Structures are given as C-alpha cells and as structure tokens.
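**Q** sequence unknown, structure follows:
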C-alpha cells in the first residue's frame, strides 16, 4: 500500500470522509457556477420533446436518481425513471429511445456499464447527458452533452459531496426544464448557507447519539417521496462505513412485511418532511414504536414524530423539493460517528475501491 | 382472537404457508384458464399504442412488478416501470398518461392508494388494468379492464401463490403484446409440471440447509435482470416470516458499497440464471466468498457458482424468461423451514394483516 495516493492518506481514520462532509457547502456553491450549462441542456431536452428521463448509475448515483424521479415529476411533470442498465447492456434489448433524455450519473465518469448504456441509447436516438465530476472522462466523451458535477476531487470511498451535488444537479436541471431554474438556483444558494450552519451543529450533536448504536447490526431507514433517495443514501452510508445491515424502505413498504422483523434491538431511522407524505411517515413511525423499535427522527418535520428516542431536525429550505440536500447530512455525520465508535475507518471500507468497475 | 377466520386456523404453525406453496402448480394452471382475457387486454393496449407500462403495487405485488420491467422490455420491447404512487396520489402531480397502460397489482383489490392511483390515471387518459384475485373488488371496479389472478383464496399472510401468478400474468400479458402469447402459454403449462416435481424435492432438501441459519440475523439476496424481482421476493419472505434483515441487491449493487458489510456471519443467497447476466452474478459470488461470506447458490445456473456452501438448483423452463417462477420456490421453502427452526409461525407474522390498508 505505498502508492502515491494511499501515501497521502492522513493518519486519522475517516479524515477524508469528514473533510468532504464539511466541504459540501463550497462544493454546492461550485455547482452553481455552471448554472448556464444546466439551463442550456434543459432547453435542448425541451426543444426536442425528450420528456421521458432515463437515469442510470450505481450506488450513490442511483440513490440520487431516486430523487430525480420526483424532481422531474414535480417540476416539468415529466416521467423520469431509474432505467434498467441490464435490459439495454446485457440483454441487448433495443427499446424505443425517441422522446427520451438519458442522464448517465457517474462521479468518475468511468463506470463501464453506464458508459455502454449511454453509447447504445445515443445510437438509438436518445438525447444523452453525462453528469460527472470529470468532464474529460469516457462517459463525457460518449454523451451528447456534459453537465459538470463540480464537486471537486472526492477521496473518501463513501460518497458525500458528490451525492449532494448530484441531487442539486437534478433539481436544477428539472427546474430549468420547468421554466423555474432561476428561482431554484436562488433557493440552492440559500441551502449553501443553511448547510454551513447545520454541519457544525450536527457535528456536536451526533456523537452522543451514535454511541448507543455501536452494537447494532441492522436498521431500517424510512423515507417517502422526495426523501426516499435520502433513505437509500443514508442506508448505503451505514452499510459501507459502519457494516450495519441497513435497508431503505418507503413508509408503506414497512407495513407490507418488514414490520414483522422489528424488535427493540432493530432501530429505525425515519426522515419526515413537511409535505403531503408526512401522515404516512407519522403512521409508519407509530408502527415502529408499537413493535418496540427505537426511533431516530430526522428531516424538516422531525418534531412531528412523537416517541422518537433521538431527534435530528434540519432547517426548512426555500423550496420543499430541496430538503433532501439538508436531510442527508445527519445520516452522513451519524455514519461517521458510528464508524468511529466501532473502530472502523470510513475512508477505507472492506473490499471497496473508489472507482467501481464491477459488472 | 376468536373471529371465525382465526378460529379456522389449523394448529400446526405455518400450515397455510406450506399448503399454499404446495398449491402453486394448480394455481398457475388456474391462471391459464383465463388466457383469452390476457390476449384481449394485450390487444387493446397495442391498438391504443399504450406502450408505456406503469405498474403499481406494494410488497410482493411490487416485487412482481420488478419482473414486469423485464417481461415487457424483452418481449414487446415496451418501457415498463414501477411507477411512483406517491407522485400521483400524495403530491397530486398530473403526468401525461396518454400512451400509458397502467397495471394495478393487488391480491385483495383493496389496497387504498393503488385504487386511487388507478382512478386518477384513468381520468388522465391511461388504459387501466386491474390484476387481482377478486374481480369484484374496488380495484376491479375502478379499472377499465380486469385480469383475474385466479390464485384462489390465500390465507397465509406471506404471499406465495399470489406472487407466482402475478409473475406469470405479467409474462403472459407481455407475451401476447409481442404476438408470442400462445408459445408462452404452452411454456407456462410445462412450468406447472416442473413445479409439481420441484416442490416435493425441495421440501426434502431444504430443512437440513435452513437449520444452520437459525442464528443468522441478516442476509443479502442477490439477483439480476429477470431474477431481481425474485431476489426482492425471497428477501421479503425472510423478513416477514423469519425476522431476518434480508436485503435484495443486484450483483452490481453489491460491489458498490454493501460488500463492505460482509463477514462470515452474513450469508448471501444468490440466484444465478443461465442468461447474459450470469458472468456478473458469478463475479458477485466470488466477492462474497473473498469477504468470507457463506454462499447459498440457487437458480437454473446454481452449479456455476463455485465455493457455494449450499446449492439449490431449479430446472430450466422452456423460455428463459419464465425461470423466476421456479427460482422463487427454494426461497419460499427455505423461509418456511427457517421459521420452523426459529420457532416462528409464518402464518402469523408480528404486526401484519393479510390486507394492508397502510398509506
């Protein structure tokens, strides 16, 4: 392990992870410098009538795509889906791609099957867009348009600022497609400031909350609608940095089976947002408590969940659709604190590398 | 607990669950009696150009919809998606529904938000289809067309024959949409016979394999492409009947984070099918072994996974697309045997009821 990259690793476990969580406000501000590119790509998609949005990516990128379903649905009212890479790339199925905008999400721009998916769908007539940190990558080369993620180099294997910028990028693109781009860009600037205040505050609160979870092996993470992607992303952080079998569920999923597995040693992290999904999330939280599960309440409406053992609220952003940019942060910092409590190094999870070339 | 329904429960724990697993071959044969209805509905969808398929359902129904993405993609080459109920029903977002076939999946036909989704999308111009065991249900009443699931009454809370018939129903509908309905109906008749042989054989094999898992609290279930729905369904059975925190993953998902959580006490159930996804699944299995995880190999190509601690192969059906009808059965019977080993009653999971009215 003496390559130049690993030699640069700081001594303290999780130092990169923490530095990158703290680096989210400037990373988000950096994305906003490319606002004009987002406006331009949205205009092309609209002009071409490419209003079915097919998003592809793995891991955190796929979690951001879960958010994209709602951003495109709620803003331009376009149908957006996390498309099956397998269908196009492995089964070699030619679907009708006219009327489709394809968004390939990859931090590095080097994910092989995402590149191949973009290559094939472009040939089939889709408007293809690469959303990546590396505008010189193979993915960028295959796509018709490139949107810079502009999160800066990410050294921790567990993505944080890349994820937040992906969510913001999808929100900004969807907002421009709906003719509301400028308002959302202003909203994102406010979120930068909210993140600047929120992060140090959570850093103080979270370690005491994470400590009692040191012996926990499994968790559910519940979110709905715009926050389902957040639930997926927090669960992934817990899996990869803390080795907790954390499964993301919608509020309704929980009632359809998984509730049967709950007991007092099976905590549930719940993201409650002040929107139309709140009653369902409140109901799910009540089921968790009835089953004896320990409840962590987070999100802009964390206070609405009674009986929570721990509460980690986040501020309300100017647009409700932007709350996932804030509500993911308690999960990131909790994962960091829990990894520390368990003696794990979140910068070097077992068996993972930063660029995943797996099929 | 003295209602007439519970009074009829047989004394032996899991008796309904087992009887319904055994009842899958006749249930599937029963579905095929309605072949003409499937042909008719497929013809309407084709004639209307309603080639975007939006499937909605919860729990096992949603798992069947994961399969539907591939059935419609591979056969008529239509884009099919598990649509967001939240977007339409809770956020009240009016998406363009012209050109869409909506399939509402509900065993009972009584799932409130599925009914509401069908009502709203029908009003917005979608061709709406109810796929349900109860052709007199509210769901059937709201939809323009009704497809009988014909699985017969299901008394166990954990769905088995309903799931298999949902998968078969989506395959049959997709095949008729592609002009290949008759061939697939013949294939399904062969699967009925294969299930008749497979079930008693697995009943003999599975208990000895389940026993060493009695102290396991968490598992991953890996499947890809057409078998991803199977992975989701097996994970759900393990959660609801055995209280195991079982998470479904695609082969690629595993490499993007979750692999970091593996250790020798974290077994992985893998479904390997003899199709284009096999190399990715073989690679994922190798990662599991490298991390020290115990591997259970299942599916039509179970033998391709070297180093598996346990192997539960299933026969190859006449059409590769039909293999999920067979590959789910080892998981169902494993769940039943594991529940027995843990002293749990799969007919009465904690906190669940047969018809879920949760939001």
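**A** Perfect, I can see it now. What you see is a predicted model; the values in this text were computed from it and never measured.

**Q** what about the helices in chain A?
**A** Assigned by DSSP state H, chain A shows helices spanning A:4-7, A:15-22, A:24-32, A:35-47, A:60-74, A:85, A:112-123, A:138-142, A:161-177, A:181-210, A:228-242, A:251-255, A:278-290, A:324-341.

**Q** Check residue A:356 and give its pLDDT.
**A** With respect to pLDDT, residue A:356 scores 66.

**Q** whoops, residue A:305 was the one
**A** On the pLDDT scale, residue A:305 gets 93.

**Q** Can you tell me the closest non-neighbouring residue to it?
**A** residue A:297 (3.9 Å; Cβ to Cβ, 6 or more residues apart in numbering or on different chains). Placement of C-beta: from N, CA and C, glycine included.

**Q** tally of neighbours for residue A:205?
**A** For residue A:205, the count of nearby residues is 16 (other Cβ atoms under 10 Å in any protein chain shown).

**Q** Identify whichever of the helices of chain A lies nearest to residue B:192.
**A** With Cβ to Cβ as the measure, helix A:251-255 is the member of the helices of chain A nearest residue B:192 (31.2 Å).

**Q** chain center to the closest one, what's the gap?
**A** Averaging C-alpha positions (Cα atoms, centre = their mean, to the nearest Å) puts helix A:251-255 20 Å from its chain's average.

**Q** State the mean pLDDT of it.
**A** Here the average pLDDT along helix A:251-255 is 84.

**Q** Likewise for stretch A:321-333?
**A** Stretch A:321-333 comes out with an average pLDDT of 98.

**Q** Let me have the helices of chain A in JSON lines, extended by distance to chain B.
**A** Below are those laid out as JSON lines (distance: least, Cβ to the nearest Cβ, whole Å):
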{"stretch": "helix A:4-7", "distance to chain B": "17"}
{"stretch": "helix A:15-22", "distance to chain B": "13"}
{"stretch": "helix A:24-32", "distance to chain B": "19"}
{"stretch": "helix A:35-47", "distance to chain B": "14"}
{"stretch": "helix A:60-74", "distance to chain B": "5"}
{"stretch": "helix A:85", "distance to chain B": "8"}
{"stretch": "helix A:112-123", "distance to chain B": "7"}
{"stretch": "helix A:138-142", "distance to chain B": "16"}
{"stretch": "helix A:161-177", "distance to chain B": "12"}
{"stretch": "helix A:181-210", "distance to chain B": "17"}
{"stretch": "helix A:228-242", "distance to chain B": "4"}
{"stretch": "helix A:251-255", "distance to chain B": "3"}
{"stretch": "helix A:278-290", "distance to chain B": "4"}
{"stretch": "helix A:324-341", "distance to chain B": "11"}
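
**Q** got those helices as JSON lines, with distance to residue B:209 columns?
**A** Formatted as JSON lines, these follow (distance: least, Cβ to Cβ, whole Å):
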{"stretch": "helix A:4-7", "distance to residue B:209": "41"}
{"stretch": "helix A:15-22", "distance to residue B:209": "39"}
{"stretch": "helix A:24-32", "distance to residue B:209": "46"}
{"stretch": "helix A:35-47", "distance to residue B:209": "51"}
{"stretch": "helix A:60-74", "distance to residue B:209": "32"}
{"stretch": "helix A:85", "distance to residue B:209": "32"}
{"stretch": "helix A:112-123", "distance to residue B:209": "33"}
{"stretch": "helix A:138-142", "distance to residue B:209": "43"}
{"stretch": "helix A:161-177", "distance to residue B:209": "39"}
{"stretch": "helix A:181-210", "distance to residue B:209": "37"}
{"stretch": "helix A:228-242", "distance to residue B:209": "26"}
{"stretch": "helix A:251-255", "distance to residue B:209": "28"}
{"stretch": "helix A:278-290", "distance to residue B:209": "32"}
{"stretch": "helix A:324-341", "distance to residue B:209": "34"}
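
**Q** so the residue nearest to residue A:305 sits right up against residue A:288, yeah?
**A** No. With contacts counted by Cβ atoms under 8 Å, residue A:297 stays clear of residue A:288, the gap being 10.3 Å.

**Q** I'm done for today, thanks for sticking with me.
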